[in-house]
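J.: Provided below for reference: sequence and predicted model.
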Amino acid sequence: MPRRSTGAVLLLAMSALVSPATADEQKSPVVPVQQKSVGADGVERLVVDFAKTVTLPRPASTVIIGNTGIAQASLSDDRTVILTGKTPGSTNLIVIDRDGAEVANLILDVVAGSGRLVTVHQGLRRATFTCGRRCDPVLLVGDDADHFNATASQIAARNGFSAPAPNNQQ
């Protein structure tokens, strides 16, 4: 496919984008967590790159994520866990108290925020963009390696600009 048609495909994809962020992407309600493992009832849905809080039924001291490549978790205080989806997939979260007793055991299902994503297919190649007033590339597992690596490199460079300056002054 000629290079100029990529822009046309992207423009067409952008013009088809009509759905604003869903309420689930904007703010999820705080849901109390069951004390024991509860199978399907113990599933938390996360959206990639969005944070969500979960209120625990009793104080906790440690959070454990099965696969930190899929989700991230931290304790804001002893009863609040902050969860962030990192890439689509499923993993588990175990929360324990100071005595080693289980406070919560959840399955985390992380999904892409499809309401804002546009996927452009060019033959076997795929590239994903987040679109609002304009479209910007995003990192999504399964995208073409060139697109993914270029986007990752640009994100790393941008993050380098915002890193604190080293304190070499004495």
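T.: Yes, it's here.
J.: Need the phi and psi values for T62.
T.: Main-chain dihedrals, T62, degrees, to the nearest 10: phi -140, psi 140.
J.: Nearest spatial neighbour of it, chain-adjacent residues omitted?
T.: I96 (4.9 Å; Cβ to Cβ, 6 or more residues apart in numbering). For every residue, glycine as well, the C-beta is placed using N, CA and C.
J.: residue contacts, that neighbour?
T.: By Cβ atoms under 8 Å, 6 or more residues apart in numbering, the residues touching I96 are A60, S61, T62, I64, E102, V103.
J.: Now for the residue nearest to G42 when sequence neighbours are not counted, how many residues are close by?
T.: Once flanking residues are discounted, G42 sits nearest to L106: 4.8 Å by Cβ to Cβ, 6+ apart. Neighbours of L106 under the rule other Cβ atoms under 10 Å: 22.
J.: Please apply the same query to V63.
T.: Neighbour tally, V63, other Cβ under 10 Å: 19.
J.: quick check, nearest of the contacts of I96 to L75?
T.: Nearest to L75 among the contacts of I96, counting by Cβ to Cβ, is A60 at 6.5 Å.
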